[in-house]
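Novice: how does the following fold in three dimensions:
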Amino acid sequence: PRAEKMLLNLSHDENLYVRKEAILSLSKIHVPTLIDTIKHILGTSPQPEIRAAAAESIANFRDTSASESLVIALEDTAALVRQSAIASINRIWTKGSIEGVLLSMEDDDEKVRYIATQIASIRRLETARSKLREALYDPSPWIRIEAIRGVLALSDTTAVEGLIDILKYGEGEEVTAAQDALRSLTGIDYVIE
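Specialist: Residues are numbered from 1 along each chain as shown. This next block holds a predicted model:
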């Protein structure tokens, strides 16, 4: 905590890397009142790298009052900021986080969609059922694998058609995951020739 003043000064340094590291460090010195400073940086900094560092830093406070700021950051123009925000949302989960995850499952950035789909799967979000089924057709095989895990976690038998499509058109790990999911959901071993 004695480093608070120095870190605050460094968060305005000329060097972008120094500012970023100072912001990340502010959350590690256990001064709860600094969360408002980090929220302000997240909402106002002109540099995406700094906003992303602020989004990452917020989660370290473990203060759910910051969840709303992170959900707002999911609409940032910079993918880097949205990536940090969605990852942090999972760490300080609130009921309001669900809307942010659902929104992020449709993001233009593959990494944001991947993290959001993974969260929906891990947290077994009932409200994400249809989005998880849609994610079975995502261009990214990694997102499709997370979607498979999600529909399986929710025991969503309405996803069978999408899983069969992965068997027909997918490759490697996603095909194995789809076969396992189909076996668990239907009790049938599907083989596509």
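Novice: what about the helices in the protein?
Specialist: Per DSSP state H, the chain carries helices over the ranges 4-10, 16-26, 35-44, 48-60, 67-73, 79-91, 97-104, 110-122, 129-135, 141-153, 160-169, 173-186.
Novice: how about those helices in TSV, adding mean pLDDT, distance to I192 and mean neighbour count?
Specialist: For every residue, glycine as well, the C-beta is placed using N, CA and C. Output for those, formatted as TSV (pLDDT from 0 to 100; distance: least, Cβ to Cβ, whole Å; neighbours: other Cβ atoms under 10 Å):
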stretch	mean pLDDT	distance to I192	mean neighbour count
helix 4-10	93	57	14
helix 16-26	93	47	18
helix 35-44	95	47	18
helix 48-60	96	42	24
helix 67-73	95	40	20
helix 79-91	97	34	23
helix 97-104	96	31	20
helix 110-122	98	24	23
helix 129-135	98	19	20
helix 141-153	98	15	24
helix 160-169	96	4	17
helix 173-186	96	8	18
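Novice: tally of neighbours for the residue lying closest to H30 once chain neighbours are set aside?
Specialist: Excluding its sequence neighbours, the residue lying closest to H30 (Cβ to Cβ, 6 or more residues apart in numbering) is P1, at 6.3 Å. Residues near P1, counting by other Cβ atoms under 10 Å, number 7.
Novice: let me know the pLDDT of P1.
Specialist: pLDDT for P1: 86.
Novice: just E193 next, same as before
Specialist: The per-residue pLDDT reported for E193 equals 68.
Novice: who touches the closest residue to K131 other than its chain neighbours in this structure?
Specialist: In this structure, K131 finds its nearest non-sequential neighbour in M105, 4.6 Å apart by Cβ to Cβ, 6+ apart. M105 makes contacts with 113, 116-117, 120, 128, 131, 134-135, as judged by Cβ atoms under 8 Å, 6 or more residues apart in numbering.
Novice: repeat the analysis, applying 6 Å as the threshold.
Specialist: M105 makes contact with 113, 116-117, 131 under the criterion Cβ atoms under 6 Å, 6 or more residues apart in numbering.
Novice: kindly report the same for Y114.
Specialist: With contact taken as Cβ under 6 Å, 6+ apart, Y114 is in contact with 142-143.
Novice: related to what we said a few turns ago, can you tell me how far the residue nearest to H30 is from K28?
Specialist: Distance, P1 to K28, using Cβ to Cβ, to the nearest Å: 10 Å.
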